[in-house]
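Asker: Compute the structure for the input listed below.
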Amino acid sequence: MRVHFIAIGGSVMHNLALAMHHKGDEVSGSDDEIFEPARGNLNKFGLLPEKEGWYPEKIDTNLDAIILGMHAKDDNPELIKARELGLAIFSFPEFLYQHARDKKRVVIGGSHGKTTITAMIMHVLRKQGMDFDYMVGAQLKGFEIMVQLSDEAPLMIFEGDEYLTSVLDKRPKFHLYKPHIAVISGIEWDHMNVFPTKENYIEQFEKFCDLIAEDGTLFYCDEDPLTRKVVKRAPVALRKIPYGEIENETLDGKTFVMYDGIGHEIKVFGKHNMKNLNAARMVCRELGLNDREFFSAIETYEGAAKRLELLGENQSVSVFKDFAHAPSKLRATIEAVKSRNPERKLVAVMELHTYSSLNKDFLPEYKSTMKLADEAVVFYNPHAFEIKGLPFLSEWDVRKGFARSDLKIFNQRESLLNELLQKDWKNKNLLLMSSGNFDGLVFKELADEIIKK
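Answerer: Predicted structure coming up:
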């Protein structure tokens, strides 16, 4: 195929471009800004556009397809040209579904945990020698890219994101995959900019259930009230199988899961990860692996990038980075780090970065989410409000939203950095949480400085 990507620099978009290049397709693309790691990855394989910007002359009738990224706007000159020529235009979810329509499809959905569950399943299947295609939203150890396509694999694993598909298609991405096996890990309102009410957000998961294959299987976390409510109204023909936290214990900072009376040491921790692991186990069992095969493989799983990623530690302090930004993710991540080392004080630092988190009307959703942290810190960059067209938040707004009077608030990177570097870190852990980067904070350098103290 000859395919052109409009907005090739996106996280999944550039990985799909690489996957198609590896498969032997002819790939080109454009974007008006491309950051690392996309820039380096595309450059490595000769796919980085010569110049940033949009060039309608790249669009001609020799193209078999256009793949349109969410970053592209409706007035994009390349998109206008493609529509004028009547070319086949796909969002990346549409394209992935077309690729996998004759394969067994597994889709992991939920407001939180979907990347981790998907990554665990992929790790176990790879360890056990199973052939599969995949799309996951984070870089995983042992997998060169985040998308793999092949003609031979009978199976495809999807991380099922509920965000919108493209400027031309306002459906959530996970509505397009039509799974045979599905997971809902939990539901909590997010993405206020496209789902303005909680009811509207929940409705997307109801539709997801309706789109599962008639004889399909749905695994769901029955400890989550909203998930139970959604699954209860799902089609009767579905096999609906609940799961919860797998049996486990933590000793001296190490986590063990129990199977057949034997404790298997694993590298992930926290109550939410024990639920994620159980979901992955049940999906793998549905795909033909037994529990013994699952546990022997999961022992070597080290986690997905930016998901409770250990940046460094010594005998007295550990520094973690996590992607958490939504209320449920914040709560679960703080609980996990606190449970790993309950004897240490926890300093939790969270960046308000997404449209929802920077919105005054959404802030009450964060009430008590940081209550398990011994010290709670919130950072927000004033420039982020300009980019998203939102009014600036006062410190009072933030403190009221989190319902924590001792909350420390920073909106300058250097002030935050000084606060962290001057602290006595003996018998403390640091948890940094954001889908952004704290206005350019170099996480590894900060962790190294703290570890050296």
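
Asker: my guess is Trp396 is in a helix, correct?
Answerer: Yes. Per DSSP: H, G, I helix; E, B strand; the rest coil, Trp396 lies within a helix segment.

Asker: mind listing the strands for the stretch 51-200 of the chain?
Answerer: Per DSSP state E, counting those that start in this stretch, the stretch 51-200 of the chain carries strands over the ranges 65-68, 89-91, 104-109, 133-135, 147-148, 155-159, 164-166, 169-172, 181-184.

Asker: would JSON lines of those with mean neighbour count be doable?
Answerer: Any C-beta I mention is one placed from the backbone N, CA and C, and that applies to glycine too. Listed next are these as JSON lines, based on neighbours: other CB atoms under 10 Å:
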{"stretch": "strand 65-68", "mean neighbour count": "24"}
{"stretch": "strand 89-91", "mean neighbour count": "20"}
{"stretch": "strand 104-109", "mean neighbour count": "26"}
{"stretch": "strand 133-135", "mean neighbour count": "25"}
{"stretch": "strand 147-148", "mean neighbour count": "22"}
{"stretch": "strand 155-159", "mean neighbour count": "25"}
{"stretch": "strand 164-166", "mean neighbour count": "21"}
{"stretch": "strand 169-172", "mean neighbour count": "16"}
{"stretch": "strand 181-184", "mean neighbour count": "27"}
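
Asker: Number of residues surrounding Gln236?
Answerer: One correction, residue 236 is Val, not Gln. Residues near Val236, counting by other CB atoms under 10 Å, number 6.

Asker: what comes into contact with stretch 283-303?
Answerer: Applying CB atoms under 8 Å, 6 or more residues apart in numbering, the external contacts of stretch 283-303 come out as 106, 108, 116-117, 119-121, 123-125, 127-128, 130, 141, 155, 181, 183, 217, 219, 257, 259-260, 264-268, 277, 280-281, 309.

Asker: Of the strands of the stretch 51-200 of the chain, give the one that comes closest to Ser435.
Answerer: strand 155-159 (15.1 Å; CB to CB).

Asker: Give the rounded mean pLDDT of stretch 86-101.
Answerer: When pLDDT is averaged over stretch 86-101, the result is 96.

Asker: residues of it that come out buried?
Answerer: Residues of stretch 86-101 classed as buried by neighbour count (16 or more other CB atoms under 10 Å): Leu87, Ile89, Phe90, Ser91, Phe92, Pro93, Glu94, Phe95, Leu96, Tyr97, His99, Ala100.

Asker: sorry, back to before: export the strands of the stretch 51-200 of the chain to CSV and append columns for distance to Arg2.
Answerer: CSV is the format used below for the strands of the stretch 51-200 of the chain (distance: least, CB to CB, whole Å):
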stretch, distance to Arg2
strand 65-68, 8
strand 89-91, 14
strand 104-109, 26
strand 133-135, 21
strand 147-148, 19
strand 155-159, 23
strand 164-166, 20
strand 169-172, 23
strand 181-184, 33
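
Asker: Of those, which is nearest Ala17?
Answerer: Short answer: strand 65-68, nearest of the strands of the stretch 51-200 of the chain by CB to CB, at 7.9 Å.

Asker: Convert that closest one to PDB, retaining C-alpha atoms only.
Answerer: Provided in PDB are the C-alpha atoms of strand 65-68 (Å, rounded to 0.1, in the frame of the first residue of the first chain):
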ATOM      1  CA  ALA A  65      -5.200   5.700   1.800                       C
ATOM      2  CA  ILE A  66      -5.000   8.700   4.000                       C
ATOM      3  CA  ILE A  67      -4.700   8.100   7.800                       C
ATOM      4  CA  LEU A  68      -5.900  11.100   9.700                       C
END
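
Asker: So for stretch 237-244, what gets flagged as buried?
Answerer: Leu238, Lys240, Tyr243.

Asker: Was I right to think the second one contacts Cys221?
Answerer: No. Taking contacts as CB atoms under 8 Å, Lys240 lies outside contact range of Cys221: 11.9 Å.

Asker: mind listing the strands for the stretch 351-453 of the chain?
Answerer: 375-379, 408-410, 428-433.

Asker: Walk me through the domains of the protein.
Answerer: The chain is divided into the following domains under automatic domain parsing: 2-87, 95-298, 309-452.

Asker: angle of the helix or strand hosting Glu206 against strand 104-109?
Answerer: Of the helices and strands defined by DSSP states H and E, Glu206 is found in helix 198-210. Relative orientation of helix 198-210 and strand 104-109, computed by axes from the mean of the first three to the mean of the last three CA atoms, to 10 degrees: 160 degrees.

Asker: Can I get helix 198-210 in PDB, CA atoms only?
Answerer: Output in PDB follows, covering the C-alpha atoms of helix 198-210 (Å, rounded to 0.1, in the frame of the first residue of the first chain):
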ATOM      1  CA  LYS A 198     -20.800  12.300  33.800                       C
ATOM      2  CA  GLU A 199     -23.900  10.800  32.200                       C
ATOM      3  CA  ASN A 200     -22.600  11.400  28.700                       C
ATOM      4  CA  TYR A 201     -19.200   9.800  29.600                       C
ATOM      5  CA  ILE A 202     -20.900   6.700  31.100                       C
ATOM      6  CA  GLU A 203     -23.000   6.400  28.000                       C
ATOM      7  CA  GLN A 204     -19.900   5.700  25.900                       C
ATOM      8  CA  PHE A 205     -19.200   2.600  28.000                       C
ATOM      9  CA  GLU A 206     -22.800   1.400  27.600                       C
ATOM     10  CA  LYS A 207     -22.300   1.700  23.800                       C
ATOM     11  CA  PHE A 208     -19.000  -0.200  24.000                       C
ATOM     12  CA  CYS A 209     -20.800  -3.100  25.600                       C
ATOM     13  CA  ASP A 210     -23.400  -3.100  22.900                       C
END
